[in-house]
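no sequence for this one, just the structure:
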């Protein structure tokens with residue numbers, strides 16, 4: 001496989017690009033046989049930079065972390081990534097919805113991230129492929145979830161955690 005033009009310099013291990021470090025002019029790269037993602041930036045002036053920003057962790061304030069952990073893991077089906085207590089009253093619990101790249105954080109002793117009013121996070125969205133199937137699964141696990149509302153191509157159902165933080169299930173008529 002050959003690349004020409006401006007790309008970020010690549011670190012290649014076997015047939016995979018493992019690190020992209022800086023913008024440079026590349027005239028030929030030959031040892032890459034399969035690349036899953038290479039970002040190419042071209043402009044009339046030469047290389048330009050792109051800034052990636054990924055939302056990967058959202059703090060959710062709760063009054064009782066054990067109750068919230070049980071709700072999110074046992075009833076909603078989130079994966080428990082971490083439950084650690086590094087000391088000084090701090091407890092960090094990270095939970096991830098199935099198939100998501102973004103997690104939620106609940107805990108204690110983390111300053112403004114955990115000192116906010118429990119139940120103050122409203123309208124977090126979980127985008128699903130089949131809202132009726134997910135709604136039925138949640139209801140079957142004891143989650144009080146609303147009926148499905150079809151708003152002309154976008155379907156919603158809503159539920160709350162024990163502290164009143166609200167969530168919306170969202171199904172788009174044309175999934176990506």
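Now that the structure is in, tell me what you want to look at. Note that this is a predicted model, so its numbers are computed, not measured.

Skip the chain neighbours and tell me the closest residue to residue 86.
Distances taken as C-beta to C-beta, 6 or more residues apart in numbering place residue 92 nearest to residue 86, at 7.2 Å, with adjacent residues excluded. (Glycine included, C-beta is placed from N, CA and C.)

would you say the one you found is within a strand?
Yes: secondary structure of residue 92 (DSSP: H, G, I helix; E, B strand; the rest coil): part of a strand.

so it makes contact with residue 82?
Yes: contact criterion C-beta atoms under 8 Å: residue 92 and residue 82 qualify, at 6.1 Å.

ok, those two, which is more surrounded?
Neighbours were counted for residue 92 and for residue 82 using other C-beta atoms under 10 Å; residue 92 has more, 19 against 12.

Could you verify that residue 138 is part of a strand?
No: using three-state DSSP, the secondary structure at residue 138 is helix, not a strand.

There's contact between it and residue 76 in this structure, I believe.
Yes: contact criterion C-beta under 8 Å: residue 138 and residue 76 qualify, at 6.6 Å.

end-to-end on stretch 132-150?
11 Å (C-alpha to C-alpha, to the nearest Å).

go on, stretch 94-104?
Start-to-end, stretch 94-104 (C-alpha to C-alpha) is 6 Å.

quick one: buried residues of that stretch?
By 16 or more other C-beta atoms under 10 Å, the buried positions in stretch 94-104 come out as 94-97, 103-104.

Equivalent analysis for stretch 131-144, please.
131, 134-135, 138, 143.

what does stretch 150-166 give?
Those would be 155-163, 165, for stretch 150-166 by 16+ other C-beta under 10 Å.

Distance from that stretch to the middle of the chain?
18 Å (C-alpha atoms, centre = their mean, to the nearest Å).

neighbouring contacts of it?
With contact meaning C-beta atoms under 8 Å, 6 or more residues apart in numbering, stretch 150-166 is reached by 60-64, 67-68, 71-72, 118-124, 131, 134-135, 138, 143-149, 167-174.
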